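**Q** got a predicted structure here, sequence first:
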Amino acid sequence: MREAGNDSNDGKRKCEALWPIFKVAHQRSRYVYDLYYVRKEISKELYEFCLEQGYADRNLIAKWKKPGYERLCCLHCIQPRDHNFATTCACRVPKHLREAAVIECVHCGCQGCASGD
């Protein structure tokens, strides 16, 4: 996480500077989620400790447990107040319904986190 924060931002757009941090935060949260819910290798106490200490995002993990949000990249993508016309991010649209070939999320840089992909 420290390396992602210290990377130089030369030649990057303003929004691109935060993408590595979002990526690392997503990977950490997904790792804790997989350990507890998928592989069942850690105890509930350790899982709660990881959430309390900020090693994983509690709200993101709560969304992953709901159907249709299994591949969600960040919470910014589903908040209507952050997007035009009070909708969700373009990365939430399944690939077969997109008009453009490549779409990058402005908030986190993902190229598609719809569960139907």
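**A** Great, that's in hand.
**Q** so K12, which state does it fall into?
**A** coil (DSSP: H, G, I helix; E, B strand; the rest coil).
**Q** what count of nearby residues applies to it?
**A** Using other C-beta atoms under 10 Å, K12 has 13 other residues around it. Heads up, the C-betas are built off the backbone N, CA and C, glycines and all.
**Q** how far away is it from I21?
**A** 13 Å (C-beta to C-beta, to the nearest Å).
**Q** show me what contacts the most centrally placed residue in the chain?
**A** With distances taken as C-alpha atoms, centre = their mean, C73 lies nearest the centre of the chain, 2.3 Å away. Counting by C-beta atoms under 8 Å, 6 or more residues apart in numbering, C73 touches F22, H26, C91, C105, C108, C110, C113.
**Q** now with 7 Å?
**A** With contacts defined as C-beta atoms under 7 Å, 6 or more residues apart in numbering, C73 is in contact with H26, C91, C105, C108, C110, C113.
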